[in-house]
Structure formats: structure tokens, C-alpha cells
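**Student:** next one to model:
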Amino acid sequence: MIRHLSPEHVEALARSGQALIVDVREASEFREGHIPRAKHIALSQLVHRLREVPKDKTVVVVCRSGNRSSRAAELLSQAGFRNVFNMSGGM
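**Tutor:** Model (predicted):
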């Protein structure tokens, strides 16, 4: 089961450095605007770049609408990540 966080909660976590924000949108979407300090890993690349995501940190996955990030959160959970959240509603 995927856990969700509100955009306001994600913003607070990002500002405090308590979580890694992973933006799974395409590069052009990311360039148009993103959460400061978010790590960009497109959903299509995530399975190949799992080593870039620390398993010992809270991870919040974001996308435009919440659909891709939900799939990304599921993928991360299946790969052994335990503290994974999806940002509700997307960007």
C-alpha cells in the first residue's frame, strides 16, 4: 500500500532536508519547474538508477498528477525501500 503526503507536508520535509524528493517526470517537465533540491529520475529510468536513492532516508516521489509517482513509489517499495511516500495530487 502506497502512503501519501500532502504537498504542504512535502514542502516542509524538503525545506528541512528530512527527505529526498524524487521527481519522476520527464526532463522537459522538470526543467519547467520543480521542488528545490529535488532529484530528477524519470520513471522510465528509475529501475536502472535505484542505487542513487538511499534506502536509509525518507523518499517522497512526485510527478505532474500523481500517477507516475504512485507507480514509482510502488517500484521502490518492491525494491526494498521502506519509508516511501507519494505526494498527493502531483505538481
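**Student:** bridge partners for the most centrally placed residue in the chain, pull those for me.
**Tutor:** The residue lying closest to the centre of the chain (Cα atoms, centre = their mean) is V61, at 1.5 Å. For V61, the beta-bridge partners are V22, N86 (DSSP bridges).
**Student:** which parts of stretch 53-62 are buried?
**Tutor:** For stretch 53-62, burial by neighbour count (16 or more other Cβ atoms under 10 Å) applies to 53, 58-62. For every residue, glycine as well, the C-beta is placed using N, CA and C.
**Student:** wait, isn't the residue nearest to the centre of the chain in contact with M87?
**Tutor:** Yes. Between V61 and M87 a contact is recorded at 7.0 Å, counting by Cβ atoms under 8 Å.
**Student:** what touches both of those two?
**Tutor:** S69 (Cβ atoms under 8 Å, 6 or more residues apart in numbering).
**Student:** before we move on, back to that, using JSON lines, lay out the buried residues of stretch 53-62 together with distance to S6.
**Tutor:** What follows is the buried residues of stretch 53-62, written out as JSON lines (distance: Cβ to Cβ, whole Å):
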{"residue": "V53", "distance to S6": "22"}
{"residue": "T58", "distance to S6": "15"}
{"residue": "V59", "distance to S6": "16"}
{"residue": "V60", "distance to S6": "11"}
{"residue": "V61", "distance to S6": "14"}
{"residue": "V62", "distance to S6": "12"}
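**Student:** nearest to I2, out of those residues: which one, please.
**Tutor:** Top of the list for closeness to I2, among the buried residues of stretch 53-62 and by Cβ to Cβ, is V61 at 9.1 Å.
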